[in-house]
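In: with the sequence up front, the predicted model follows.
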Amino acid sequence: MSTRAQIAVYEPTCKTYVTSYSHFDGYPSCLGVTLLGEYNDKDSATKLASGGSMSYPGKPHTDSRIPAKRVIGDKALSDHMQSAWADYAYRWHVGLGRWEVSRDGRIWAELGPDNIDD
């Protein structure tokens, strides 16, 4: 069974997301730890979120990769999560310079030791 996730970069001044789908291991104790360890800056987060669908970070999901999507606002991201059956969303918040995690795409918490357990 897959734990699907959306990985996004959020620009708060214009309330836009660039987001890509990640198919496997999307729970915080796996994908969250990977994001904090390997993609914990704006440039690497942007490259990852802009790269299109993936099985998990660094591995394309299929030979015909689904491109990243641009959405405006938390409701649009939440709707996009639901259409992809995503269990989690992760966003690099450009204004705060950090990863955040959400179960619904609307309520966000800083990704860190307090919320990386399953």
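Out: It's in. Numbers count the residues shown, from 1 in each chain.
In: from the middle of its chain, how far away would stretch 52-63 be?
Out: 13 Å (Cα atoms, centre = their mean, to the nearest Å).
In: ugh, wrong one, stretch 76-83
Out: 12 Å.
In: and the contacts of that stretch?
Out: With contact meaning Cβ atoms under 8 Å, 6 or more residues apart in numbering, stretch 76-83 is reached by Gln6, Ala8, Tyr17, Thr19, Lys69, Val71, Ala89, Arg91, Asp104, Gly105, Arg106. Placement of C-beta: from N, CA and C, glycine included.
In: let's see it at 10 Å
Out: With Cβ atoms under 10 Å, 6 or more residues apart in numbering as the test, stretch 76-83 has contacts from 4-6, 8, 10, 15-17, 19, 21, 69-71, 73, 86-89, 91, 102-107.
In: for it, what is the average pLDDT?
Out: Averaging pLDDT along stretch 76-83 yields 88.
In: can you give me the helices for the protein?
Out: 33-38, 42-50, 74-83 (DSSP state H).
In: paired strands for the helix or strand of the chain with the lowest mean pLDDT, with orientation please.
Out: Least confident helix or strand, the chain: strand 59-60 with a mean of 75, by mean pLDDT, DSSP states H and E. Taking DSSP bridges as the criterion, strand 59-60 pairs within the sheet with strand 54-56 (antiparallel).
In: quick check: buried residues in the partner strand?
Out: Met54 (16 or more other Cβ atoms under 10 Å).
In: what of stretch 81-96?
Out: Met81, Ala84, Ala86, Tyr88, Ala89, Tyr90, Arg91, Trp92, His93, Val94.
In: again, but for stretch 106-118
Out: Trp108, Leu111, Ile116.
In: list the contacts for the closest residue to the second one other than its chain neighbours?
Out: Residue nearest to Leu111 in three dimensions, not counting chain neighbours: Trp99, with 4.0 Å by Cβ to Cβ, 6 or more residues apart in numbering. Going by Cβ under 10 Å, 6+ apart, Trp99 touches 7, 28, 32, 35-36, 39-40, 45, 90-93, 108, 110-112.
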